[in-house]
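**Q** Please find the sequence and the predicted model below.
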Amino acid sequence: MTDVDVAVVGAGVAGLTTAYRLGRSGREARVFEAADVVGGRMTTLREDGYLIDTCAEQMAERGYEATWRLLAELGVDDAAAPRIGRGIAMWRGRARSGVAQPRGLLTGAGLSLRARLDAARVIRGSFDTERPEASRLGEATVAEFAAPHHPDLLDYLLQPVVSGFFGWDPARSAAAPLLALLTAVGPPPTWRAYRDGMDTLARALAAKTDVSTGFRVDQVVDDGSPARILSGTREITARAVVLAVPAPVAARLRPRHGSDFLDACSFTPVVKAHLLLDRPLGGPDYALVVPTAENGTVSTVIFDHLKHPGRAPEGRGLVTLMAHPAVVPDLLDASDEDVASRLAGAAEPLVPGLNAATHRSIVRRVRHAAPEATPRALALRASFEAGLGRGVVDYAGDWVFLSPCSEAAVRSGIRAARRLATRPAEERAR
C-alpha cells in the first residue's frame with residue numbers, strides 16, 4: 001500500500017505544472033515543497049506595498065506558447081501579464097537604448113557599426129529551444145562563437161546579456177541555447193510581467209493541486225517499487241516520483257541516479273539587492289545591462305516600477321541590482337548590509353541619486369538560479385531526455401532543455417505528466 005500515487009518534489013512552475021496535468025489525466029499527485037511558499041525561482045515578496053520579484057523578472061509573448069495555453073486553461077487572461085512596453089539599455093559611458101531591438105542596429109545600443117553588422121548576421125537562422133544541441137553552432141561557447149567577429153559583439157552585447165540575466169560566464173556557457181532563447185522571445189518591449197507578481201502562474205496552479213509547503217525532502221530511494229521519500233524520521237511511499245528541482249539538488253536527493261547529464265548540469269547562483277526608494281528613478285528603459293569592462297560589480301539594473309507601476313507604491317520606486325557573476329561567490333556568504341552597500345555603491349554612477357533615494361534594502365540569494373548550458377551538458381542532454389519515463393523516478397525543470405526560462409519549465413512539466421499518465425495501468429498498480 002503506497003501513501004501517494006505520484007509524489008512531486010518541488011513547487012516551482014515545473015513541479016506544479018506536472019501535478020496539475022497529472023490531476024487532469026486522472027492520476028493523483030501531491031507536491032512537496034521545502035519553502036513556505038510556492039513558485040521556486042518565480043516567487044514574489046510582498047513588503048510595505050512593494051511587489052519584489054526575487055528571481056525571474058519577465059516573460060515573453062512570443063516563444064511561450066505552452067505557458068499561454070496553460071494560463072488560458074487556468075482562467076488567467078492576457079491582462080494578468082501586460083506588456084512592459086519599454087526596452088533595455090546598455091551602459092557604455094552612459095545608458096544607450098535599443099538592446100536586442102531592430103532600432104538598436106541603427107542607433108548602436110553601445111555597439112560599433114562593424115559589431116552591429118556582425119550581430120545582424122549571426123542571429124540569422126533557426127534555433128530549437130527544445131533541442132539546442134542540434135544547432136549548427138555545435139558545442140561552441142559564447143566566447144568561441146563571438147571570437148571571429150568584432151570584439152564589441154562579445155564585450156558590449158553577448159557578455160552583458162548572458163552575465164546580466166543568467167549569471168553565465170561566456171567562456172563556460174554554450175552559445176546555442178542562448179541564441180535559441182533570444183531569437184524565440186522577440187524584442188524586449190514585447191516582453192511581459194505578471195501584474196500581481198511573477199508568482200502568478202505558480203499560485204494559480206497551486207490552487208488546483210495538492211501542495212504541502214514547509215516539507216523538506218532529504219532523499220529519494222528507488223531500490224524497488226514503491227519509491228520511498230525520506231524527510232527527517234518520516235517516510236512516504238509513492239508509485240512514482242518526479243524531481244522538479246534544480247539538477248544539482250535532484251542529484252543530491254537521489255545519489256545513485258547514474259546520470260552523467262545530471263552530474264554535468266550545473267547551475268549559476270544569483271545575488272540581488274532590491275532597493276526600496278522614496279521616489280522613482282530611471283527611464284526610459286526598464287533595465288540596464290552593464291558590461292564587465294564598464295563595472296564588474298553590478299551586471300544589471302532593473303527599474304521594477306518601470307517594468308510595471310504596481311511594483312512600488314505611488315510616488316515611490318523599486319530598483320533591483322544584480323551582482324556580476326565574478327563577485328557573486330564573495331557575496332553569497334556576506335552580510336545583507338555588506339551586499340547592499342557594495343552593490344548600491346557600484347550602481348551610483350549608473351543611477352545618480354540612487355543611494356540618497358533608498359530607504360530600505362532587501363537582499364536575496366538564489367544558489368541555483370539558472371541552468372548553465374556548458375558544452376559538456378549540451379552534449380549529454382539529448383540522451384538524458386530520451387531515457388526519461390523508464391523508471392520510478394522522473395524529472396522536470398527548465399534544465400531538462402538547458403533553457404533558463406519558465407516556458408521550458410512548463411513544457412518539461414507537461415511532458416513529465418504525459419509520460420506518467422500514459423503508463424500501463426498494471427505498471428501504476430505495482
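**A** Perfect, I can see it now.
**Q** contacts and neighbour counts: CA atoms only from here.
**A** Fine.
**Q** What segments of the stretch 301-430 of the chain are strands?
**A** Under the criterion DSSP state E, counting those that start in this stretch, the stretch 301-430 of the chain contains strands at 317-323, 358-371, 393-395.
**Q** so can I have a markdown table of the ones you listed showing mean pLDDT and mean neighbour count?
**A** A markdown table is the format used below for the strands of the stretch 301-430 of the chain (pLDDT from 0 to 100; neighbours: other Cα atoms under 10 Å):
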| stretch | mean pLDDT | mean neighbour count |
| --- | --- | --- |
| strand 317-323 | 98 | 26 |
| strand 358-371 | 97 | 18 |
| strand 393-395 | 98 | 23 |
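**Q** wait, which of those strands is closest to I229?
**A** Comparing the strands of the stretch 301-430 of the chain against I229 with Cα to Cα, the closest turns out to be strand 393-395 (11.1 Å).
**Q** Name the residues that touch the closest one?
**A** With contacts defined as Cα atoms under 8 Å, 6 or more residues apart in numbering, strand 393-395 is touched by D222, A227, A240, V241, V242, L243, A244, L388, A416.
**Q** hang on, the fifth one is in a strand, isn't it?
**A** What it means is V242. Yes - judged by DSSP: H, G, I helix; E, B strand; the rest coil, V242 forms part of a strand.
**Q** picking that back up, among the strands of the stretch 301-430 of the chain, which is nearest A180?
**A** Across the strands of the stretch 301-430 of the chain, closest to A180 is strand 358-371 (Cα to Cα), at 14.6 Å.
**Q** how distant is that closest one from the center of its chain?
**A** Chain-centre distance of strand 358-371: 13 Å, with Cα atoms, centre = their mean, to the nearest Å.
**Q** how much does it deviate in direction from strand 317-323?
**A** Computed by axes from the mean of the first three to the mean of the last three Cα atoms, to 10 degrees, the angle separating strand 358-371 from strand 317-323 equals 50 degrees.
**Q** returning to that earlier point: which of the contacts of strand 393-395 has the most neighbours?
**A** Sorting the contacts of strand 393-395 by how many neighbours each has (other Cα atoms under 10 Å) puts A244 first, at 33 neighbours.
**Q** quick one, what contacts that one?
**A** Contacts for A244 (Cα under 8 Å, 6+ apart) come out as V8, V9, G10, A11, G12, A14, G15, A250, Y395, A396, G397.
**Q** Just those: which are in helices?
**A** Judged by DSSP state H, helices contain the following of the contacts of A244: A14, G15, A250.
**Q** how about the first one, what does it touch?
**A** So the one you mean is A14. Applying Cα under 8 Å, 6+ apart to A14 gives the contacts A244, A396, G397, D398, A409, V410, R411, S412, G413.
**Q** Equivalent analysis for the last one, please.
**A** With contact set as Cα under 8 Å, 6+ apart, A250 has these partners: L243, A244, L262.
**Q** I'd like to know which of the strands of the stretch 301-430 of the chain is closest to A193.
**A** Nearest of the strands of the stretch 301-430 of the chain (Cα to Cα): strand 317-323, 14.7 Å.
**Q** Tell me the strands beside that closest one, with direction?
**A** Strand 317-323 has these partner strands in its sheet, going by DSSP bridges: strand 267-277 (antiparallel), strand 298-303 (antiparallel).
**Q** can you give me the offset of that strand from its chain's centre?
**A** In terms of Cα atoms, centre = their mean, the gap separating the centre of strand 317-323 from the centre of its chain is 17 Å.
**Q** Show me which pair in the contacts of A14 is furthest apart.
**A** Greatest spatial distance in the contacts of A14: A244 and R411, 12.2 Å, computed using Cα to Cα.
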